[in-house]
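Trainee: Quick one, structure for this:
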Amino acid sequence: MITHFHTTKFETPEARHAVSMLGRLERKTLIDTLLVTYPVFDEITAFIEKLHYPVAGGSHGARMVAGLMGKTRAGKTDIIKHYCNRWPTFHTDDGVVHPVIYLPITGENTPQSLAEMIYEATGPGTAPKIKVASLMRNAVARIVRAGAQLVIIDDAQFFFHDRSKNHRRDFYSFLKQLADTEVLNVLLVGEEDIYGYVQANAPLAGRGGFPKMILAPFGEDAFDQFRLLLREVDLRLPFAESSALASKTIARDLFDFTRGAIGQVFNVVRPAAWQALNDDAPRILPDHLYEQAAIRQRPGDTREYFKMEG
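Mentor: Numbers count the residues shown, from 1 in each chain. Down below sits the predicted model:
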């Protein structure tokens, strides 16, 4: 799985002018795929890297289940997709190897649709319509045959949130069989209650003791770092002028509105940027941020974010 991120900065007036002259389709794509790395992003990437390859220059890790946890829209998915980009599929004399397999889980997944996702992620072939126990064994065997070294399961909390007893049993069976292969590591990504689920199932927790990292939103003591991140975002926006996201006023409203969560920042900034494109504006204006925040505001929150005086 390769996700094409936009990471190029437009640091000069000439570069900004050039990107602002691109068509709307190209500029929207830049907005939609914009990615900025930051110190915590790099720390979590290093954690995943050590899970994947514990010793630099050695063999890949195996027999371990680990966790990357945090609130929804904390920014976890961009980090793991960025890591997956470093490990594309490749061909050998024995076939195609998929060193890192990414499985995004939803509340709608069933054992059958999970198997279909695995088959799709690992090459040609269709998941058979067979009994669930056999289906899970086949899916795990398929992952092993694909040469997987690391399996990343995103939004893994959906394996057990609001699930029937049978589905919880089937998904647990899948995870245990995956861990029991002893030829790969598993990274469970999702909300913090994953920890309780793993600890309640000793065979999973026992696979390495469940090493974990938690991606927390920026705290008040990290407001200056938050502003630096916004500056980096601004430098990558495809507009002729700076949108001043890192200014004290706008940064403070973004921080308070999103509670420091990076994913929530993009929930406001991206649609504001789309609106700026529609308006042929030279940058994201405060009014764009104001309108996008207003329709996403939490019930009971009466503050007018990004409301400019005058």
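Trainee: Endpoint to endpoint, stretch 173-193 covers what distance?
Mentor: 19 Å (CA to CA, to the nearest Å).
Trainee: Any buried residues in that stretch, and which?
Mentor: 173-179, 181, 184-191 (16 or more other CB atoms under 10 Å). C-beta here means a position set from N, CA and C on the backbone, and glycine is covered the same way.
Trainee: where do the helices sit along the stretch 101-250 of the chain?
Mentor: 111-121, 132-145, 165-180, 194-199, 202-205, 223-236, 248-258 (DSSP state H, counting those that start in this stretch).
Trainee: got JSON lines for those helices, with mean pLDDT and distance to L68 too?
Mentor: Shown next, in JSON lines, are those (pLDDT from 0 to 100; distance: least, CB to CB, whole Å):
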{"stretch": "helix 111-121", "mean pLDDT": "91", "distance to L68": "19"}
{"stretch": "helix 132-145", "mean pLDDT": "90", "distance to L68": "19"}
{"stretch": "helix 165-180", "mean pLDDT": "91", "distance to L68": "15"}
{"stretch": "helix 194-199", "mean pLDDT": "91", "distance to L68": "9"}
{"stretch": "helix 202-205", "mean pLDDT": "86", "distance to L68": "15"}
{"stretch": "helix 223-236", "mean pLDDT": "97", "distance to L68": "19"}
{"stretch": "helix 248-258", "mean pLDDT": "96", "distance to L68": "20"}
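Trainee: for these, which one sits closest to P39?
Mentor: helix 223-236 (7.2 Å; CB to CB).
Trainee: related to what we said a few turns ago, same list, the helices of the stretch 101-250 of the chain, but as a markdown table with distance to F159 please.
Mentor: Below are the helices of the stretch 101-250 of the chain laid out as a markdown table (distance: least, CB to CB, whole Å):
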| stretch | distance to F159 |
| --- | --- |
| helix 111-121 | 9 |
| helix 132-145 | 12 |
| helix 165-180 | 4 |
| helix 194-199 | 8 |
| helix 202-205 | 11 |
| helix 223-236 | 32 |
| helix 248-258 | 28 |
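Trainee: The ones you listed: which one's closest to T33?
Mentor: helix 223-236 (9.8 Å).
Trainee: Name the residues that touch the closest one?
Mentor: 6-11, 30, 34, 36, 38-39, 218, 242-246, 248, 250-252, 254-255, 260, 262, 265, 269 (CB atoms under 8 Å, 6 or more residues apart in numbering).
Trainee: in it, what's buried?
Mentor: Buried residues in helix 223-236 (16+ other CB under 10 Å): 226-236.
Trainee: what angle do it and helix 248-258 make?
Mentor: Helix 223-236 runs at 100 degrees relative to helix 248-258, counting by axes from the mean of the first three to the mean of the last three CA atoms, to 10 degrees.
Trainee: Can you give me the end-to-end span of stretch 93-104?
Mentor: Start-to-end, stretch 93-104 (CA to CA) is 30 Å.
Trainee: Any buried residues in it, and which?
Mentor: Neighbour-count burial for stretch 93-104 [16+ other CB under 10 Å]: 97-104.
Trainee: hmm, who's touching it?
Mentor: In contact with stretch 93-104 (CB under 8 Å, 6+ apart) are residues 1, 52, 60, 77, 80-81, 83-84, 87, 89-91, 114, 117-118, 121-123, 143, 146-155.
Trainee: do the same with stretch 124-140
Mentor: With CB under 8 Å, 6+ apart as the criterion, stretch 124-140 contacts 111-112, 114-116, 118-119, 142, 170, 173-174, 177-178, 181.
Trainee: Now do the buried residues in that stretch.
Mentor: Buried-residue list, stretch 124-140, by 16+ other CB under 10 Å: 127, 132, 135-136, 138-140.
Trainee: ok, so of those residues, who is nearest I44?
Mentor: V140 (26.6 Å).
Trainee: From I214, how far off is that closest one?
Mentor: 28 Å (CB to CB, to the nearest Å).
Trainee: List the buried residues in stretch 257-267.
Mentor: Under 16+ other CB under 10 Å, the buried positions of stretch 257-267 are 257-258, 260-267.
Trainee: List the contacts of it.
Mentor: 34, 71-75, 77-78, 217-219, 222, 226, 229-230, 233, 254, 268, 293, 296-297, 305.
Trainee: Give me the subset of these that lies in strands.
Mentor: Using DSSP state E to define strands, no part of those is located there.
Trainee: Show me which of those residues are buried.
Mentor: Buried among the contacts of stretch 257-267 (16+ other CB under 10 Å): 34, 71, 73-75, 77-78, 217-218, 222, 226, 229-230, 233, 254, 268, 293, 305.
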